[in-house]
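Okay, predicted coordinates and the sequence, questions at the end:
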Amino acid sequence: MTTPPPSYGQYCPISRALDLVGERWSLLILRDLLLGTTRFNDLARGLPGLSRSLLAKRLRQFERAGLVERPAGEYLLTDAGRELEPILFGLGEWGARWSFGAPRADERDPALLAWWMHTRVDTSSFPGRRHVLLVRFTDDSRRFWIVVEAGVPSVCESDPGYPVDVAIGADVASLYQVWLGRLPLAHALRTGRVTFTGPPALTRRMPSVLRLSPVAGYVDTSHKGATARRAS
């Protein structure tokens, strides 16, 4: 017999909602589903601290609750699941305003950053059908190749053997802060914290190629942080 998930045991809509989405990892799984990830392996790759067994458990819970459905092996949000978008990204906006500082050492995961970035690149302004971006970190020996074939991006952790169009250089923390909107790309380029190497006709286009995280617009780029807001 299947054991029902734990409940707060309160007859309250907030309590009932937390029964469905308040367990560990649930909101991050929903975040990735809302951002368009639909396949189990892709969800697992974007949540490297989450075991595959717990991911499967959470997805089953979402299915039973009517938040996702699974036609043809993909996990697709239902109307009920999609209506969580303003709530979840509202939480992200709150976090950006009140609890978001520079990345801690345990949050600087180059592989995860490259994975997140590849879902947002737009190389449609580049010539040809195949485009290759090399992400080269100054403080981590790993290299990542973002390959876009006919508009479909993928990430390689070993050299795919294709010519590189543009190489992106940065330390991990700086590229995270650019990606999440905390460090303006123009400032990072001007100060050398981020570099683009390649033909000028392509490097000039990189600010529009690297579309930022969907939550980047919520982040305060003044770096004054929560203390200044509380004092105002």
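That came in fine, so what should we check first?

Wasn't residue 72 part of a helix?
Yes - applying DSSP: H, G, I helix; E, B strand; the rest coil, one finds residue 72 inside a helix.

and it, how many neighbours?
Neighbour count of residue 72, defined by other CB atoms under 10 Å: 6. C-betas here are computed from N, CA, C, even on glycine.

tell me the contacts of it?
Residue 72 makes no contacts at all, as judged by CB atoms under 8 Å, 6 or more residues apart in numbering.

Now do the same for it: its pLDDT.
Looking at residue 72, its pLDDT stands at 90.

The most centrally placed residue in the chain and residue 165: what is the separation?
For the chain, residue 116 is the residue whose C-alpha lies nearest the centre (CA atoms, centre = their mean; 4.2 Å). Going from residue 116 to residue 165 by CB to CB, to the nearest Å gives 20 Å.

Regarding residue 146, which helix or strand does it belong to?
Using DSSP states H and E, residue 146 maps to strand 143-149.

Kindly report the same for residue 154.
Going by DSSP H and E, residue 154 is in strand 152-156.

which residues of this structure fall in strands?
Residue ranges of the strands in the chain, as given by DSSP state E, are 68-69, 76-77, 130-137, 143-149, 152-156, 166-170, 194-197.

Dump those strands to CSV, plus mean neighbour count.
Output for the strands of the chain, formatted as CSV (neighbours: other CB atoms under 10 Å):
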stretch, mean neighbour count
strand 68-69, 18
strand 76-77, 16
strand 130-137, 21
strand 143-149, 20
strand 152-156, 14
strand 166-170, 21
strand 194-197, 18
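
Indicate which one of those is closest to residue 9.
Shortest distance between residue 9 and the strands of the chain, using CB to CB, is found for strand 68-69: 25.2 Å.

now for that closest one, which elements pack on it?
helix 52-65, strand 76-77 (3 or more CB pairs under 8 Å, 6 or more residues apart in numbering; DSSP states H and E).
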